[in-house]
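# Quick one, structure for this:
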Amino acid sequence: MENVRKSAELDLEWLELIKEALDVGLTKDEIRTFLKSPAVMSKMDFMGSKKES
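Prediction:
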């Protein structure tokens with residue numbers, strides 16, 4: 001997970017979405033696979049660059 005920036009701050013919206021995914025039956029591995037997908041990673045990079053500007 002070299003592409004993921006480590007941060008002391010947790011995004012509460014992401015935490016809520018992960019909790020909802022677990023509540024509907026997704027496994028931790030399924031969530032990890034989804035979050036590592038190229039489409040999600042590029043979206044996270046885009047969102048991160050918007051916040052920094």
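# and residue 42, how many residues sit next to it?
11 (other Cβ atoms under 10 Å). For every residue, glycine as well, the C-beta is placed using N, CA and C.
# what about it, helix or strand, and which?
Following DSSP states H and E, one finds residue 42 within helix 38-52.
# need the contact list for residue 26.
Neighbour list for residue 26: empty [criterion: Cβ atoms under 8 Å, 6 or more residues apart in numbering].
# Next one, pLDDT for it please.
Per-residue pLDDT puts residue 26 at 96.
# And residue 17, by the same measure?
91.
# and it, what does it touch?
Residue 17 neighbours (Cβ under 8 Å, 6+ apart): none.
# how about the host helix or strand of it: buried residues?
Using DSSP H and E, residue 17 maps to helix 12-23. The neighbour-count check on helix 12-23 (16 or more other Cβ atoms under 10 Å) flags 18, 21 as buried.
# following it, which helix or strand comes up?
In N-to-C order, the element after helix 12-23 by DSSP H and E is helix 28-36.
# now that following helix and helix 12-23, what's the angle there?
Inter-element angle recorded for helix 28-36 and helix 12-23: 140 degrees (by axes from the mean of the first three to the mean of the last three Cα atoms, to 10 degrees).
# Quick one: list the elements packing against helix 28-36.
The contact analysis (3 or more Cβ pairs under 8 Å, 6 or more residues apart in numbering; DSSP states H and E) places helix 28-36 against helix 12-23.
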